[in-house]
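Asks: structure for the following, please:
(2 chains)
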2 protein chains.
Amino acid sequence: MLKVEKLKVNYKTLEEFKKFREYGIQELSMLEDLEANIIEDDSASPFYGIYFGDKLVARMSLYRVEKQFDRYFEPAQDYLELWKLEVISDYKNKGYGTALVEYAKSYGLPIKTNPRVNSQEFWNKMEFSTVSYDMERDLGENPLVWYPDGVKEKTH
Amino acid sequence: MLKVEKLKVNYKTLEEFKKFREYGIQELSMLEDLEANIIEDDSASPFYGIYFGDKLVARMSLYRVEKQFDRYFEPAQDYLELWKLEVISDYKNKGYGTALVEYAKSYGLPIKTNPRVNSQEFWNKMEFSTVSYDMERDLGENPLVWYPDGVKEKTH
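Replies: Model (predicted):
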């Protein structure tokens, strides 16, 4: 059983994040805020991860979007936006990605993600489905969603 | 001088889109709408492109976001969202990408894009800059923006 942990913002975690391909402005912003003492060491972060020993080998970011901003689900409700799901190369195909997604599902809220290309098979296996493309809403995204019981796609 | 053309939705264009790496739900949706006669042949599309002979070699998507949804610029105003900027492999480094971005700038509106990784150098050359990361707004994006004269970053 893989243990999913909520990650705290500290120099060690931010250093581990550099091993992930999707390192970007989000991580740089956390580093700057930490260095400038705008946030404290060990502050809460939107990241969840799995360790192998003391090494971070998988992570994702989760954010709860409030009902008033929901443009994907019916009935409209709070949902989780999931991004930066990534397992580092040597640890792929061992269930880490699945464990993170199952963790996200455990909240019982609908989930939306905008996956990287070439990950369709994984998301199919996780029972995520495509939505009807809406340009004003989706722009360049390829949204995939997961519906808990009783939730369906918002009709345009 | 490279000629940028607004692309129309028809079977020929949709077939050419398959050569681009970022082919996704947006293109599939246009194809389905065309096949189901929901849209007419040669309908307007959000895509702009450059042809070499009769071959589409570069493209981008542009959408004008209305002022009321602007969360990036000061003063708040209509801006252009730019996505799927792509030049097919054999035609890279010949100015096609630059010509498309210059075309977008010619509207005189601020521009926002969420670039693919490893394109930072190109966007720097195009005078796009990073914004201060705002998790609720940016989630997994790494937004880059271009400011016309008199426009600056929205302060949080």
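
Asks: measure residue A:137 to chain B for me?
Replies: Per CB to the nearest CB, to the nearest Å, residue A:137 is found 11 Å from chain B. C-beta: built from backbone N, CA, C; applies to glycine.

Asks: what does chain A put close to chain B?
Replies: Among all residues of chain A, those adjacent to chain B (criterion: CB under 8 Å from any CB of the partner chain) are A:21-22, A:24-26, A:28-29, A:46, A:61, A:63, A:81, A:83-84, A:114, A:117, A:130-133, A:135-136, A:138-140, A:142-143.

Asks: now, of those residues, which are buried?
Replies: When burial is judged by neighbour count using 16 or more other CB atoms under 10 Å in any protein chain shown, the buried members of the residues of chain A next to chain B are A:22, A:24-26, A:29, A:46, A:61, A:81, A:83-84, A:114, A:130-131, A:133, A:138-140, A:142-143.

Asks: from these, which land in helices?
Replies: With helices defined by DSSP state H, the entries of those inside them are A:25, A:26, A:29, A:138.

Asks: contact partners for the second one?
Replies: Contact analysis of residue A:26 by CB atoms under 8 Å, 6 or more residues apart in numbering or on different chains lists A:61, A:84, B:133, B:135, B:138, B:140, B:142.

Asks: what's the distance between the fourth one and residue A:45?
Replies: Translated: residue B:135. Counting by CB to CB, to the nearest Å, the gap from residue B:135 to residue A:45 is 10 Å.

Asks: common neighbours of these two, please.
Replies: With contacts taken as CB under 8 Å, 6+ apart, not a single residue reaches both residue B:135 and residue A:45.

Asks: and residue A:90, how many neighbours?
Replies: When neighbours are counted by other CB atoms under 10 Å in any protein chain shown, residue A:90 registers 9.

Asks: so for stretch A:67-76, mean pLDDT?
Replies: The predicted model assigns stretch A:67-76 a mean pLDDT of 96.

Asks: nope, stretch A:143-156 is what I was after
Replies: Taken as a whole, stretch A:143-156 has an average pLDDT of 94.

Asks: which parts of chain A are helices?
Replies: A:11-17, A:25-35, A:96-105, A:120-125, A:135-138.

Asks: most packed of these?
Replies: Comparing these on average neighbours per residue, with mean count of other CB atoms under 10 Å in any protein chain shown, the densest one is helix A:96-105 at a mean of 19.

Asks: does anything pack onto that helix? Which helices or strands?
Replies: strand A:43-52, strand A:55-65, strand A:79-87 (3 or more CB pairs under 8 Å, 6 or more residues apart in numbering or on different chains; DSSP states H and E).

Asks: tell me which of those strands lies nearest to residue A:6.
Replies: Judged by CB to CB, the one of the helices and strands packed on helix A:96-105 that comes nearest to residue A:6 is strand A:43-52, at 5.7 Å.

Asks: run through the neighbouring helices and strands of the closest one.
Replies: So strand A:43-52, by 3+ CB pairs under 8 Å, 6+ apart, packs with strand A:5-9, strand A:55-65, helix A:96-105.

Asks: how close does residue A:147 sit to residue A:99?
Replies: In this structure, residue A:147 and residue A:99 are 20 Å apart, going by CB to CB.

Asks: and residue A:58, by the same measure?
Replies: 8 Å.

Asks: over to residue A:71?
Replies: 29 Å.

Asks: low pLDDT regions in chain A?
Replies: Judged against pLDDT under 70, chain A has no low-scoring part.

Asks: can we see that at 80?
Replies: For chain A, applying pLDDT under 80 flags the ranges A:1, A:117-118, A:156.

Asks: coming back round to it: mutual contacts of residue A:58 and residue A:99, please.
Replies: In contact with both residue A:58 and residue A:99: residue A:50, using CB under 8 Å, 6+ apart.
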